[in-house]
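Q: I would like to see how this sequence folds:
(one chain, ligands or ions: 1)
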Amino acid sequence: MTAKQEQIFGRNLRSLFFIKAFLFFTLTIFSTLFLSFAAKAAVVKSMRFWQSPESTRVVLDLSSSVDHKIEILTNPHRIVIDIPESSVTVNLDELEIKSNLIKKVRKSKPLRVGDLRLVLDLNKAATPKSFSLKPYQDYGDRLVIDLFDQQKEVVKQEPRIAPEKNLKRDIVIAIDAGHGGEDPGALGPSGTREKDLVLKLSKQLADVINKEKGMKAILTRKGDYYLRHRKRTDIAREHRADLFVSVHADGFKSPKARGASVWILNLRGAKSEIARWMKLQEEKSELLGGVDSKITLSDYDSSVRSVLLDLQMENSIAESSQIAKHVHKKMGKVAPKMHKPHVEENNLLVLKNPDIPSILVESGFISNPQEEKLLKSKKYRLKLANAVKDGIKNYFKSNAPDGTYYAARYRQNIYRVRRGDNLTKVAHRFDVSIQQIKMANNLKSNRVRIGQKLIIPVAN
Ligand SMILES: [Zn+2]
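A: This is a model prediction of the structure:
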């Protein structure tokens, strides 16, 4: 917001106050006399529904902003929305309700004449959360009601236990398609919406990652619905992700802006996040250790905690920076232009993860007609997805987390031969060939002795 805008905003607020005071005054005097003449404050023009795996978002399009009240009723489960002095023009019987939770929307008798009472009949118990949205782009004033499925609110944590002995775990990549649902993201000149494009690209990226042995992709968003930033990273955490990749496409007022880019969190953003984490330390203490470590925050007193969090955030950013460099390099071979010749930094909320290295990929500018056209091409997106995957793969080849297939395959280990070992067993354990071990150690025969140190080679 500029200073000028702030000024206007302040003036509007002041005049709004006087208008409100005036209205209140006149309404209290006249409402008893002329109740039936009271003007309708707002009209509900349409209703939209967005279904996500554990919640339903209901959006009411309004002619102006409104106050509202929400009440939960049981037997049967329903949600009552009261909006003073309003009416509804949308035909409630013809609504296309995309929701696991909502059976029906209907009008009901309000407590006060002239008010609007809407009832959402539910299939099961749900917790509502509501807020107003100001006009934005093609949208006017909106009232948003999120209904959370109570049965699905209990978060399933994947067990922290190590996988069975010879079973080497996959490196988990969380792919986060930006925006969704009510939030379309950037818009292209031919009408492409960022939210649709990045979901397609994210799914392609997940596909190419899942084809790699030793890597597994999960998607934070699988359909057209909005997820809060924190929710996106929470999903990554639930799956014990080793890396979080947020996928976006840029938009700019000038159609000339072009080029793909890769972003990481800057240190200033990191510091403010540490302050926030300190507050949440009690409930989220177990996160300090990330995927593999067993350290928990609560094991330490608060001064040590802040140092540890600092270190972990720095570590997370250093790792993110390395991964981003690999991805940037590979994308540069596919994209017609990179926005900058290097990885960029910003204070992006979705990247604030002390426990998971995180990068953000801007696949190009959809506000640029040529890049919009390119990004609409499935073939081009596949090239881009492969480039991102190759960048990630290159990083993890030389920085494999403990206990992963990648560690076994690509990390150079020194192994001390134990009783009962032979070259076949050792080769099998590290997933390399006997020949590779023999070459790395200059062995003439297959014989090894107990206590002998063997270099286990890095494959490729
Ligand atoms: Zn975006």
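Q: quick one: buried residues of stretch 406-424?
A: Using 16 or more other Cβ atoms under 10 Å as the test for burial, stretch 406-424 gives 406-411, 415, 417, 421, 423. For every residue, glycine as well, the C-beta is placed using N, CA and C.
Q: Count the neighbours of the residue nearest to residue 218 when sequence neighbours are not counted for me.
A: If the residues on either side of it in the chain are set aside, residue 218 comes closest to residue 239, at 4.8 Å by Cβ to Cβ, 6 or more residues apart in numbering. Look at residue 239: counted by other Cβ atoms under 10 Å, it has 19 neighbours.
Q: Which strand or helix spans residue 107?
A: Secondary structure from DSSP states H and E places residue 107 in strand 102-108.
Q: Show me what the helix or strand just after that strand packs onto, helices and strands only.
A: Per DSSP H and E, the first helix or strand lying C-terminal to strand 102-108 is strand 116-122. When contacts are defined as 3 or more Cβ pairs under 8 Å, 6 or more residues apart in numbering; DSSP states H and E, strand 116-122 sits against strand 78-83, strand 86-88, strand 102-108, strand 142-149.
Q: so which of those strands comes closest to residue 389?
A: strand 142-149 (33.2 Å; Cβ to Cβ).
Q: Point out where this structure drops to low pLDDT.
A: For the chain, the stretches flagged by pLDDT under 70 are 1-40, 137, 152-167, 267-312, 349-350, 412, 458-460.
Q: hey, where'd the helices end up in it?
A: 3-30, 194-210, 229-238, 267-284, 302-332, 369-376, 378-398, 405-410, 423-429, 434-441 (DSSP state H).
Q: Most proximal residue of the stretch 101-250 of the chain with respect to the ion?
A: residue 248 (3.5 Å; Cβ to the ion).
Q: contacting residues for the closest residue to the ion within the stretch 301-450 of the chain?
A: Closest to the ion within the stretch 301-450 of the chain is residue 362: 7.5 Å, counting by Cβ to the ion. In this structure, residue 362 makes contact with 248-250, 260-263, 339, judged by Cβ atoms under 8 Å, 6 or more residues apart in numbering.
Q: now do residue 336
A: Here residue 336 is in contact with 258, 370-371, 374 (Cβ under 8 Å, 6+ apart).
Q: so where's the longest strand in the protein?
A: Counting residues, the longest strand found in the chain (DSSP state E) is strand 42-51.
Q: Find the residue closest to the residue minimising distance to the centre of the chain in space, skipping its chain neighbours.
A: Nearest residue to the geometric centre of the chain (Cα atoms, centre = their mean): residue 232, 2.9 Å. Leaving aside its sequence neighbours, residue 232 sits nearest to residue 220 (Cβ to Cβ, 6+ apart; 4.5 Å).
Q: Then residue 235?
A: Nearest non-adjacent residue to residue 235, counting by Cβ to Cβ, 6+ apart: residue 220, 4.6 Å away.
Q: Distance-wise, check the nearest residue to residue 41 once chain neighbours are set aside relative to the ion.
A: The shortest distance from residue 41 to any non-neighbouring residue, by Cβ to Cβ, 6+ apart, is to residue 85 (4.1 Å). As judged by Cβ to the ion, to the nearest Å, residue 85 and the ion stand 37 Å apart.
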